[in-house]
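Enquirer: What would the 3D arrangement of this be:
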Amino acid sequence: MDGEPVSPLRVLLPAGPLPQDGRRIAFKATPEDCARLAAALQVDRLTAMGANLMARPFRKDGARVTGRFSAVVVQKSVVTLEPVEQRIDEPFEATFLREARAPRRQAEAEPTEIVIDPEAEDPPEPFVGDRIDLGPRLYEALALVVDPYPKRPGERFGAAIEPEAETEEPPSPFAVLANFRDGRGGPGGDGD
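Expert: Residues are numbered from 1 along each chain as shown. All right, here's what the predicted structure looks like:
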């Protein structure tokens, strides 16, 4: 093993030559897949997950996979702890390139400036062997859209916390001195 975490989902695509017009991939998660995904996502249940994808050739020895995935996630409301269902329907896009052809990351002896463009296209995922596993990318895409703070529409936390009732402040030292000067006595001004 190379130390990478194992994905709770496997969706295999033959890595052989793809037709120019593409190859359809229809995936529906089994109950076992859903249970593994729910555990990995730390949600109560994942009642369904599926994807309708199209794999097209990418460069000489790769694949570009596009389409949509959907899922139904059930987790506890952060307000009432009652079950909340989240229906997910999102676009999916991933590019894969055989590892021998994937650009190698160079180890630099001295630090260099790294420029990150958040709008740039992700680099292709390298793969080896005769199959591409779409599972890790589908799992990642699902994990990014699961609501971390689920609640039902209209649910709100209880009434705003009211500030504590203002307590009577103790008299200032100067007020005490003024009471002595005026002949009213100590802090209470009762003229002992």
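
Enquirer: Quick one: classify residue 180 as helix, strand or coil.
Expert: At residue 180, secondary structure determined by DSSP: H, G, I helix; E, B strand; the rest coil is helix.

Enquirer: Start at 27, not 1
Expert: With the count now opening at 27, the last piece we talked about shows up as residue 206.

Enquirer: Just give the number of residues close to it.
Expert: 12 (other CB atoms under 10 Å). (Glycine included, C-beta is placed from N, CA and C.)

Enquirer: Report the separation between it and residue 196.
Expert: Using CB to CB, to the nearest Å, one gets 16 Å for the distance from residue 206 to residue 196.

Enquirer: And for residue 167?
Expert: From residue 167 over to residue 196 (counting by CB to CB), the distance is 61 Å.

Enquirer: The closest residue to residue 74 other than its chain neighbours: what secondary structure?
Expert: The shortest distance from residue 74 to any non-neighbouring residue, by CB to CB, 6 or more residues apart in numbering, is to residue 98 (4.6 Å). Using three-state DSSP, the structure places residue 98 in strand.

Enquirer: my read: residue 98 touches residue 73, true?
Expert: Yes. At 4.5 Å, residue 98 counts as touching residue 73 under the criterion of CB atoms under 8 Å.

Enquirer: what touches both of the two?
Expert: Common contacts of residue 98 and residue 73 (CB atoms under 8 Å, 6 or more residues apart in numbering): residue 111.

Enquirer: and residue 167 and residue 196? which has more neighbours close in?
Expert: The residue with more neighbours, out of residue 167 and residue 196, is residue 167; 19 against 9, by other CB under 10 Å.

Enquirer: Got the confidence number for the more buried one?
Expert: With respect to pLDDT, residue 167 has a value of 97.

Enquirer: for the one 10 residues further on, same thing?
Expert: At residue 177 the predicted local distance difference test score is 92.

Enquirer: Would you mind measuring from residue 109 to residue 89?
Expert: In terms of CB to CB, residue 109 sits 38 Å off from residue 89.

Enquirer: These two: which has the busier surroundings?
Expert: Set residue 109 next to residue 89 and count neighbours by other CB under 10 Å: residue 89 wins out with 27 against 13.

Enquirer: In the sheet, which strands lie alongside the strand or helix carrying the more buried one, parallel or antiparallel?
Expert: Using DSSP states H and E, residue 89 falls within strand 88-102. Sheet pairing of strand 88-102 (DSSP bridges) gives strand 71-84 (antiparallel), strand 109-124 (antiparallel).
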